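Student: need a structure here:
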Amino acid sequence: MEPGEPFTKTWRLRNIGTCTWNSAYALVFDSGVPMGGAPETPLDIGTVRPGTDVEISLPLQAPFAPGTHKGNWKLQNASGEKFGLGLSGGPFWVIIRIPEPTGTPTSLPTGTALPGEEPTLAVTATLTTTAAITAMP
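Tutor: Residues are numbered from 1 along each chain as shown. Alright, predicted model coming up:
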């Protein structure tokens, strides 16, 4: 994954509460790095009865800066009350690791300088970065 590359994060969540989740509920940013995610996204998942699982997806964008970036998310009910995982209500998250860019020469021109001239060199480099998405609860 390249810095700034769009991706979709999907969480599988189980409703362990007593209320049915519906389109009046929303996925909301809680803390950390939002990674381009909207502060509040209405759930478009139909109804999720207590005891059932649902997959919730969110389009995001990898950060440009090298390092480890974590975004925390929660759900919000129709009354605006936020809730998260388990009885503690902690957030669910996405973690992105963007390494420092590295330069690798891809070609060096060869040539002959004319007598009395200094040879000229041009270097072409390609910067390569990779990222890992860690799927966590």
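
Student: quick one: low-confidence ranges for this structure?
Tutor: Counting by pLDDT under 70, the chain shows low-confidence ranges at 104-137.

Student: what ranges do the strands span in it?
Tutor: 6-14, 26-32, 40-42, 53-61, 67-76, 82-83, 92-98, 102-107, 124-128, 132-135 (DSSP state E).

Student: Which one, of these, ends up nearest to residue 20?
Tutor: Among the strands of the chain, strand 53-61 comes nearest to residue 20, with 11.1 Å by Cβ to Cβ. Where C-beta positions appear, they are placed from N, C-alpha and C, glycine not excepted.

Student: Provide the strand pairings for that closest one, with the direction of each partner.
Tutor: strand 6-14 (antiparallel) (DSSP bridges).

Student: I'd like to check the angle between the partner strand and strand 92-98, please.
Tutor: 150 degrees (axes from the mean of the first three to the mean of the last three Cα atoms, to 10 degrees).

Student: and residue 90, what are its bridge partners?
Tutor: residue 85.

Student: Tell me the spacing between it and residue 59.
Tutor: Separation of residue 90 from residue 59 (Cβ to Cβ, to the nearest Å) stands at 23 Å.

Student: which other residues reach stretch 84-97?
Tutor: 1, 9, 11, 13, 16, 30-33, 35, 60, 62-63, 67-75, 82-83, 131-134, 136-137 (Cβ atoms under 8 Å, 6 or more residues apart in numbering).
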